Each structure stands twice: as structure tokens, then as C-alpha cells.
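**Student:** Would you be able to build a 3D model of this:
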Amino acid sequence: MTLNRKSLLITTELTRHNILELLKLTLHDVNQIFFYGQALASIQNMSLGHKIQLHQWAQQADTVGYCGSVVARYDCHDIQLHHWQEYGLTEFYAKLHDANALEQF
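**Tutor:** Sure thing, here's the model as predicted:
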């Protein structure tokens with residue numbers, strides 16, 4: 001039996017509006033969520049309330065991760081992602097493609 005594995009890649013800058021749109025997404029068929037690029041960089045500018053909502057929403061997936069090199073590139077070390085898994089670039093892309101479907105937000 002093959003499991004349907006769907007990955008969600010979030011690359012869009014997370015403005016107040018985009019966060020609210022993201023929180024509306026249901027995750028019943030998503031087992032991996034990855035943050036990359038502008039999405040990851042914008043987390044440091046979020047209000048504490050939005051950070052808490054985002055973390056709670058994302059924890060519905062089995063894996064929540066981000067690319068560590070993006071944190072270094074955008075110098076956003078203070079985004080406090082201690083519940084999320086940091087991956088190197090190669091491992092990040094391998095995890096992304098280890099799914100039956102990839103949806104980008």
C-alpha cells in the first residue's frame with residue numbers, strides 16, 4: 001500500500017494577509033511543510049501572535065522544516081524555529097522530492 005505523501009513548500013513572503021490565507025489551508029493530506037526564501041525571512045518580522053498561530057498550524061504535519069542556508073543568507077537567526085527541523089540544502093531538496101505531490105504557496 002502506497003501512502004499519499006504531499007509536501008507543501010511555502011516561499012511567499014508571509015504578510016499579515018498571506019498568513020491568514022495560509023492558516024485557512026487544511027493539512028489532512030500534507031505530511032511535510034517546508035519554509036524557504038522570503039517566507040522564512042519574513043517570519044522574523046511577524047508579531048508574536050502570528051508566530052504562535054503559524055507554529056500551531058504547521059505542527060499538524062509530520063515534518064516541518066526549513067533550509068539552514070536560507071537562515072544564514074537572510075541573516076534571520078532569531079526567528080526561533082526550535083520546534084522545526086533544520087536541513088542542509090541537499091537534504092532539504094531530497095525531502096521535498098520525497099513526496100507524491102508538491103504544492104507551493
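**Student:** which SS state does the closest residue to Cys76 other than its chain neighbours fall under?
**Tutor:** Spatially, and ignoring its direct neighbours in sequence, Cys76 is nearest to Gln44 (4.5 Å; Cβ to Cβ, 6 or more residues apart in numbering). Glycine gets a C-beta too; all of them are placed from N, C-alpha and C. In three-state terms, and counting by DSSP: H, G, I helix; E, B strand; the rest coil, Gln44 is helix.
**Student:** ok, which stretches of the chain are helices?
**Tutor:** For the chain, applying DSSP state H gives helices covering 16-23, 37-42, 48-58, 68-74, 89-96.
**Student:** now, of the ones you listed, which is deepest in the fold?
**Tutor:** helix 37-42 (a mean of 20; mean count of other Cβ atoms under 10 Å).
**Student:** Can I get that helix in PDB? Just the C-alpha atoms.
**Tutor:** Extracted C-alpha coordinates of helix 37-42, given in PDB (Å, rounded to 0.1, in the frame of the first residue of the first chain):
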ATOM      1  CA  GLY A  37      13.200  32.100   0.800                       C
ATOM      2  CA  GLN A  38      11.100  35.100   1.600                       C
ATOM      3  CA  ALA A  39       8.700  33.000   3.700                       C
ATOM      4  CA  LEU A  40      11.400  32.100   6.100                       C
ATOM      5  CA  ALA A  41      12.900  35.500   6.100                       C
ATOM      6  CA  SER A  42       9.600  37.200   6.900                       C
END
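**Student:** how much space between the residue nearest to Cys76 and Gln38?
**Tutor:** 11 Å (Cβ to Cβ, to the nearest Å).
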